[in-house]
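1. Return atomic coordinates for the entry below.
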Amino acid sequence: MPSAPLSTPCPAPAADHPPEPAPAPEPQARPEPLEGLPLAPPGSMGPPAAYERLRRECPVARIGGPSESTGWYVTRYADVKALIADGRLIRPTIDEWPPGPDREPAPGPKLTTMMELEGPAHRALRRALGDVFSARSVRGRLPDIRRAAARLLADFAADGPPGDLIAGFTEPFPLLVMCELTGIPYEDREYYLPLADAALGAMVTLEEGRAAVGPLHAYLADLIARKRRTPAEDVLSLLVRCQAEGSLDEEGVLAFGLSMLVAGYRTTTMFLSDAVLALLEEPGAYGRLAKDRRELPAAVEEFLRYVPVMNGVVVLLATEDITLHGHTIRAGEAVLPVLAAANRDPEVFPEADRLVLDRQPNPHLAFGRGVHNCVGSHLARAELSVGLSALLDRFPGLRIAEGRQPTWDDASPSKSPLTLPVSW
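-> Alright, predicted model coming up:
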């Protein structure tokens, strides 16, 4: 959905004087749609300036999509929290998007990740992964994660300042951790990363995303076959064993692989990149954490709340009519609960637009909730904590390179810097 100026999506506010007597109320009219997804200001991570007004004036805004489809853009914390755990909403695959009564399913394989998997298949996969992604297992992997961070930063430092921290660290670090855990070959990244990024943006760039699904399926099917022939100590080999024992089907194994390729590292890359930039732009914040690591756990939670990565990228479909703030979301229509807007709601977070490293409490929604809450939340927290600690240890004087600025993809709803030139 391309960005465009916002129209007036909701009825005008009531006048200050009492209204004239009126007939019995009728159902609220459907508001005029927004003319595209709100985007962050150019050259910044955001969030979009429209969030504050939408939360205040129009918490359920209609948004026009392709093929005359309708979506609902939801921005208040309480509403978003309820919707992401509402069993009447399911996540569509690219094959099911955009919604429409007369649209034929796209041919070929579907991009079914863990988020789109439902019912017994989803529960079986979550059970198989429960121990691997538990807090205890992630704690056991911390030495490996620290070694990966130290190795990458040593290589980055060897080239001397200035350097691009995205290419040198925040991009490869979560990918390397994911690959070592799952058994997806890191050395194949130049093949699958462009496909995975196209699939991740598929709700906006439909054709590119759909074109990537077939090659991703073929790559994973070949990799799973290799794990079946030569198993290793990794998650894909574990799931292949579960399939052989009958506790998991092939759809579940493929869904896990697609989840890891499409989102299992990319969101962590974006959070880490934005967190570093937020630290460097906030006067004194980087030095404060460098001197006192006791604040790091709370700071990680604050980055998960404050960094607006999840800008309108959660897309759900209503399976039945839902009424919210007087509007009827009809079965088959899309709902976009905006996690980044909810995490800036001043009704829940005092000084919501300020980075508060020691914020308590911090009930952010970065990892969702309900049956589809992020299975990798403990791992993501560990990567953010280890990645930031490694940077603070290695480069206590890290700063944005003089005369250089980060670069951005300003057309993307989810923003993190493409480059981050730094000196130390």
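2. number of nearby residues for Tyr192?
-> 20 (other Cβ atoms under 10 Å). Backbone N, C-alpha and C define where each C-beta goes, glycine included.
3. can you pull the contacts of it?
-> Counting by Cβ atoms under 8 Å, 6 or more residues apart in numbering, Tyr192 touches 184, 216, 219, 261.
4. Show only the entries of those residues found in helices.
-> 216, 219, 261 (DSSP state H).
5. Out of the residues you listed, which comes closest to Arg288?
-> Nearest to Arg288 among these is Leu261, at 36.4 Å by Cβ to Cβ.
6. isn't that closest one right next to Asp188, touching?
-> No. Assessed by Cβ atoms under 8 Å, Leu261 is found out of contact with Asp188, at 10.2 Å.
7. Just give me the closest of the ones in helices among the contacts of Tyr192 to Ser389.
-> Using Cβ to Cβ, those come closest to Ser389 at Leu261, 26.9 Å.
8. Number of residues surrounding the nearest residue to the closest one once chain neighbours are set aside?
-> Of all residues not flanking Leu261 in the chain, Ala196 sits nearest, at 4.4 Å (Cβ to Cβ, 6 or more residues apart in numbering). Neighbourhood size, Ala196 [other Cβ under 10 Å]: 23.
9. contacts for stretch 288-296?
-> 279, 299, 357-358, 385, 388-389, 392, 396.
10. So if I had to pick from Leu261 and Asp188, which one is more boxed in?
-> Set Leu261 next to Asp188 and count neighbours by other Cβ under 10 Å: Leu261 wins out with 27 against 12.
11. who's in contact with the more buried one?
-> Here Leu261 is in contact with 184, 192, 195-196, 199, 216, 220 (Cβ under 8 Å, 6+ apart).
12. Relative to Val132, how far out is it?
-> 17 Å (Cβ to Cβ, to the nearest Å).
13. What of Ala390?
-> Look at Ala390 and Val132: by Cβ to Cβ, they are 23 Å apart.
14. who has more neighbours, these two?
-> Applying other Cβ under 10 Å to Ala390 and Val132 shows that Ala390 carries more neighbours, namely 21 against 18.
15. you'd agree the more buried one is up against Ala149?
-> Yes. Ala390 is within contact range of Ala149, at 3.8 Å (criterion: Cβ under 8 Å).
16. related to what we said a few turns ago, which one of the contacts of stretch 288-296 is nearest Gly287?
-> Of these, the one sitting nearest to Gly287 (Cβ to Cβ) turns out to be Pro396, at 7.6 Å.
17. CA-only coordinates of the one helix or strand the residue nearest to Leu261 maps to in PDB, if you can.
-> Using DSSP states H and E, Ala196 falls within helix 189-200. Extracted in PDB, the C-alpha atoms of helix 189-200 (Å, rounded to 0.1, in the frame of the first residue of the first chain):
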ATOM      1  CA  ARG A 189      23.100 -15.900   2.600                       C
ATOM      2  CA  GLU A 190      23.800 -14.200  -0.700                       C
ATOM      3  CA  TYR A 191      21.200 -16.500  -2.300                       C
ATOM      4  CA  TYR A 192      18.400 -16.500   0.300                       C
ATOM      5  CA  LEU A 193      18.600 -13.000   1.800                       C
ATOM      6  CA  PRO A 194      17.200 -11.200  -1.200                       C
ATOM      7  CA  LEU A 195      14.400 -13.800  -1.500                       C
ATOM      8  CA  ALA A 196      13.600 -13.500   2.200                       C
ATOM      9  CA  ASP A 197      13.500  -9.700   2.200                       C
ATOM     10  CA  ALA A 198      11.200  -9.800  -0.800                       C
ATOM     11  CA  ALA A 199       8.900 -12.200   1.000                       C
ATOM     12  CA  LEU A 200       9.000 -10.100   4.200                       C
END
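18. Now that helix: average pLDDT?
-> Average pLDDT, helix 189-200: 89.
19. Are we agreed that Thr323 is in a helix?
-> No. Assigned with DSSP: H, G, I helix; E, B strand; the rest coil, Thr323 falls outside any helix and is strand.
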